[in-house]
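Peer 1: Return atomic coordinates for the entry below.
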Amino acid sequence: MFSSVVSGITTLAPETEAFFIMPVDIPLVRRATIEHLLNAYQESKGYLLYPAFKGSRGHPPLIPFAYAKDIIEWKGKGGLNGALTHVASCVFEVDVPDEHILFDIDTPEDYQQLLKIWHTEKRRS
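Peer 2: Below you'll find the predicted structure:
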């Protein structure tokens, strides 16, 4: 997975200010969460921002482009998490009312739960 992250980062234009890393197995993050992180970034440029729900850090992180080179060159352990832990000097958690930032789809049971959530929320909108 980390090699895919590196490949994606290498395609970013140099004038990129910041970027999200959105794992495909966390598909229910709400648009409002993305907007909330973008707004928080405007107030704290230079910070690596993580969404947090009830004290638990989730996805997607909003990463300042200044960290791109360090992530691309990371050879240590832990993939993206290891790289971000090593390189990010300014980290901030942004509280969001979106429990889906923590919902990871790894098993067939998780997928069934995803379908239930999707259909329930689709009916609400």
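Peer 1: Show me the contact partners of the longest helix that the chain contains.
Peer 2: Across the chain, the helix with the greatest residue count (assigned by DSSP state H) is helix 108-124. Contacts made with helix 108-124 from outside it, assessed by CB atoms under 8 Å, 6 or more residues apart in numbering, are listed as P27, L28, H100, F103, D104, I105. Any C-beta I mention is one placed from the backbone N, CA and C, and that applies to glycine too.
Peer 1: Give the residue spans of the protein that score low on pLDDT.
Peer 2: Low-confidence segments of the chain, defined by pLDDT under 70, are located at 122-125.
Peer 1: Give me the residue at the spatial middle of it.
Peer 2: Nearest to the centroid of the C-alpha atoms of the chain, with distances taken as CA atoms, centre = their mean, sits P60, at 1.3 Å.
Peer 1: pretty sure that residue is in contact with P27, am I right?
Peer 2: No. With contacts counted by CB atoms under 8 Å, P60 stays clear of P27, the gap being 11.1 Å.
Peer 1: List the residues that are in contact with both of the two.
Peer 2: Any residue near both P60 and P27 by CB under 8 Å, 6+ apart counts here, and not one turns up.
Peer 1: gap between the residue nearest to the centre of the chain and D110?
Peer 2: 18 Å (CB to CB, to the nearest Å).
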